[in-house]
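Colleague: need a structure here:
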Amino acid sequence: QVQVVESGGGLVQPGGSLRLSCAASGFGLDYYAIGWFRQAPGKLREGVGCISSRDGFVHYADSVKGRFTISGNNAKNQVYLQMDSLKPEDTADYYCAARDPWYGGRCTEKVHEYDNWGQGTQVTVST
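Modeller: Numbering: from 1, shown residues only. Okay, the predicted model is just below:
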C-alpha cells in the first residue's frame, strides 16, 4: 500500500527555517516522484515543488524558488523540504504526495497528477 506521512511542521518566526519530512512506504522513491504542496486557509492547494529521485530532477514553484530546497534520501525512503527565509505568507498546511507514474516525464507541481496524499503538517510563520 502506497503511503506518505509528513512531519516537521510548527511555529517559526519570519526569516526563520523549518525542515519538513515526507516518509514513504509501500513503494520506492526511484519509482514515484514526490511533490510538495501547501494550502492556506480559504485558498486552493498549490504546488511548492517536486523531486524525481530516479534522475535527480527537482522543480520549484516561482513563489519559493531560492528559499526552499527539496532533497531525498532513497536509503531512508524519505523526501525533505528545507524552508529558509520563511515569510508569513508561507503559513499553510503542507502536504506531500506521490505522483501517478501514468503521467510519465518529469514531475510537475500540478495537483491533479498526484494521489496518495499525506495528512499534512501545519506551518505557521508569525511573530
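Colleague: report the beta-bridge partners for residue 97.
Modeller: residue 35, residue 117 (DSSP bridges).
Colleague: that one and residue 4, how far apart?
Modeller: 6 Å (Cβ to Cβ, to the nearest Å). Quick note: C-beta positions are derived from backbone N, CA and C, even for glycine.
Colleague: go on, residue 54?
Modeller: If you go by Cβ to Cβ, the gap between residue 54 and residue 4 works out to 17 Å.
Colleague: just the C-alphas of the lowest-mean-pLDDT helix or strand in the chain, formatted as PDB.
Modeller: Ranked by mean pLDDT, DSSP states H and E, the weakest helix or strand in the chain is strand 114-117, scoring a mean of 90. Presented in PDB, the C-alpha positions along strand 114-117 are these (Å, rounded to 0.1, in the frame of the first residue of the first chain):
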ATOM      1  CA  TYR A 114      -0.700  13.300  -7.600                       C
ATOM      2  CA  ASP A 115      -2.500  10.800  -5.400                       C
ATOM      3  CA  ASN A 116      -1.700   9.000  -2.200                       C
ATOM      4  CA  TRP A 117      -1.600  12.200  -0.200                       C
END
